[in-house]
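Enquirer: Turn this into a structure:
(one chain, ligands or ions: 2)
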Amino acid sequence: MTAIKELLLSHIRDVEDYPEQGVVFKDITPLLADPAAFTALTDALAEIAQRTDATRIVGLEARGFILGAPVAVRAGLGFVPVRKAGKLPGATLRQAYDLEYGSAEIEVHAEDLTADDRVLVVDDVLATGGTAEAALQLVRRAGARVAGVAVLMELGFLGGRARLAPALDGAPLEALLQI
Ligand SMILES: O=P(O)(O)OC[C@H]1O[C@H](OP(=O)(O)OP(=O)(O)O)[C@H](O)[C@@H]1O
Ligand SMILES: Nc1ncnc2[nH]cnc12
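Expert: Ligands and ions are numbered 1, 2, ... in the order given. Predicted coordinates for the structure are as follows:
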């Protein structure tokens, strides 16, 4: 394992049976609290944004905001928030999706993404892939192109990569850590 992967992995805490029995929650708050690890993560995700020729970073509420916003600044790109339904004041596109624990709806301001945009979706965890899939559907419904999806970690045993493949349509899914 590379030094950066070891640095990132060593700052992720496993919390068993949260938020419900049987789920091992991957807590990134120790990583966020460590400047060297958070900077290394931001740099690694910004490098993916540059390599995929992204023109915008879409961050997924809430943890995707924490990671995506500094990535956008570091890469010199605009940041677009995809929020849980009911939080954005303007005209939105809305998409329903299922989670490892529950279901939800997300929204984006329709005017924030255009046909000129190539979007990199940034989040902390790819689990079942439902959230990222819904985000890619929003990006495409807004008329923008997909540069890819970049996550800190992929929980491989939940099959998110396969679920996401049709929505990616050949665009890359980049996970810094495979769990
Ligand atoms: O691949 P999936 O099965 O869709 O799961 C991954 C999503 O779940 C978590 O977000 P959550 O909805 O728990 O929201 P939070 O960031 O507000 O904690 C995580 O941050 C991802 O967005
Ligand atoms: N096991 C998990 N840990 C952290 N975030 C998640 N989102 C979905 N599943 C998760």
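Enquirer: Identify the bridge partners of the residue nearest the centre of the chain.
Expert: Using C-alpha atoms, centre = their mean, the residue of the chain that lies closest to the mean C-alpha position is Asp123, 1.9 Å off. With DSSP bridges as the criterion, Asp123 is bridged to Val151.
Enquirer: Hmm, it is touching Ile57, no?
Expert: No - under the criterion of C-beta atoms under 8 Å, Asp123 makes no contact with Ile57, lying 10.8 Å away. (C-beta placed from N, C-alpha, C; glycine too.)
Enquirer: which neighbours do the two share?
Expert: Shared contacts of Asp123 and Ile57 (C-beta atoms under 8 Å, 6 or more residues apart in numbering): Gly68.
Enquirer: For stretch 3-16, output the C-alpha coordinates as CSV.
Expert: Once non-C-alpha atoms are left out, stretch 3-16 reads as follows in CSV (Å, rounded to 0.1, in the frame of the first residue of the first chain):
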residue,chain,number,x,y,z
ALA,A,3,2.2,6.0,1.9
ILE,A,4,-0.8,8.2,1.1
LYS,A,5,-3.2,5.3,1.2
GLU,A,6,-1.8,4.2,4.6
LEU,A,7,-2.1,7.8,5.8
LEU,A,8,-5.8,8.0,4.7
LEU,A,9,-6.7,4.6,6.0
SER,A,10,-5.1,5.1,9.4
HIS,A,11,-7.4,8.2,9.9
ILE,A,12,-10.7,6.4,9.2
ARG,A,13,-12.5,4.9,12.2
ASP,A,14,-14.8,1.9,12.1
VAL,A,15,-17.9,2.2,14.2
GLU,A,16,-19.8,-1.1,14.5
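Enquirer: in it, what's buried?
Expert: Applying a neighbour-count criterion of 16 or more other C-beta atoms under 10 Å, the buried positions in stretch 3-16 are 7-9, 11-12.
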